[in-house]
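Undergrad: After the sequence you'll find the predicted model.
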Amino acid sequence: MTLLRRSFGLRAIAVFEVFKGSIALFGFLWVAFGYDNVPSLMERLVRYAHINPEGRVASFFLNHVAQFNPMMLAGVVLAYITLRYAEAYGLWRERHWAEWLAAVSATIYIPLEILEIIKHPSWREVAALVVNVIIVVFLACVLWRTRSRIQRTVA
């Protein structure tokens, strides 16, 4: 894998992380400035994201997240936003810690996506899984090459 392809791939993932963090930030600000309440925002999120209203993901947002204490939810959302932006920064700057963070955070979603495909198969679920697996494989290759390079310099 050439350095240019690695940099492009890491930066593409970084842009995706900024996008996810920005969506969360937009939702947080939307509620914080009183344009909506949390349950209503969760309903909109499920509808606009075309999440199966009968599925586990929708149930999580509508039945659990919507009932959170607003201060606790704000803390969780701000932590998520901070994590996404920190990961994006680290990937853009090609930091090794960010490669690990991105690999772990992307891998966590794979079993959930597989379960969702089993319960409610759709092309969106399959596409999300395929994209996530591509990201994980790419990051695994980056981490493997970094490990090999570190071992060569130590030896």
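TA: It's in.
Undergrad: Low-confidence stretches in this protein?
TA: Low-confidence segments of the chain (pLDDT under 70): 1-5, 35-36, 49-50, 147-155.
Undergrad: got the residue ranges for the helices in it?
TA: Taking DSSP state H, the helices of the chain run over residues 3-32, 38-48, 56-59, 70-92, 96-119, 123-154.
Undergrad: I'd like the ones you listed as TSV, with mean neighbour count appended.
TA: Quick note: C-beta positions are derived from backbone N, CA and C, even for glycine. TSV is the format used below for the helices of the chain (neighbours: other Cβ atoms under 10 Å):
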stretch	mean neighbour count
helix 3-32	16
helix 38-48	16
helix 56-59	16
helix 70-92	16
helix 96-119	16
helix 123-154	14
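Undergrad: neighbours around the residue lying closest to Val57 once chain neighbours are set aside, how many?
TA: Nearest residue to Val57 in three dimensions, chain neighbours excluded: Ile51, at 5.3 Å (Cβ to Cβ, 6 or more residues apart in numbering). When neighbours are counted by other Cβ atoms under 10 Å, Ile51 registers 21.
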